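Undergrad: here's my sequence, what's the structure:
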Amino acid sequence: MIVEHLFEQQPLTGAMKDRLRTDARAWWKRATRGNGHQPGGTYQVHHIVPLEFAHQIPGRYPNDLSNLVLMENVTHNQWHSVVSKHQRTLGRRLTLEEILKLEQNTVPYNKGKVFVIRNGQLVPAL
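TA: Purely as a prediction, here's the structure:
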């Protein structure tokens with residue numbers, strides 16, 4: 001059902017987003033074979049292209065490893081605070097392009113707190 005929704009470029013429902021979040025955590029654990037930092041406890045899986053925009057990227061599955069990073073909970077919460085602040089300042093929701101640009105500008109400040117998977121290994125995002 002999720003794939004069909006994305007294929008038809010329809011926004012995901014809340015239940016679909018919840019399922020994708022659950023699957024992203026499981027996928028991360030499988031991809032790393034449980035080595036290194038893992039979701040749960042002090043880390044969360046973050047979607048680079050937020051799930052609310054997944055339908056705008058045809059042919060890209062939201063839980064593709066290239067769209068996932070692992071962030072410390074504090075860093076993840078700070079990220080969402082930054083987005084909320086920008087939205088309040090603008091008086092509207094950010095576009096996908098604005099969010100991606102904001103991510104590019106904020107990730108460098110979180111060196112050592114954001115991780116990606118490269119060749120099956122957990123490495124810092126920078």
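
Undergrad: which residues does the residue nearest the centre of the chain contact?
TA: Closest to where the C-alpha atoms of the chain average out (Cα atoms, centre = their mean) is His47, at 1.1 Å. Contacts for His47 (Cβ atoms under 8 Å, 6 or more residues apart in numbering) come out as 20, 24, 54, 62-63, 67-68. From N, CA and C alone the C-beta is placed, and that goes for glycine too.

Undergrad: rerun at 6 Å
TA: 62, 67 (Cβ atoms under 6 Å, 6 or more residues apart in numbering).

Undergrad: got it, and Gly36?
TA: Per Cβ under 6 Å, 6+ apart, neighbours of Gly36: Leu122.

Undergrad: gap between it and Ser84?
TA: Between Gly36 and Ser84 the computed distance is 30 Å (Cβ to Cβ, to the nearest Å).

Undergrad: partners of the residue nearest to the centre of the chain in the sheet?
TA: Taking DSSP bridges, one obtains Leu68 as the residues bridged to His47.
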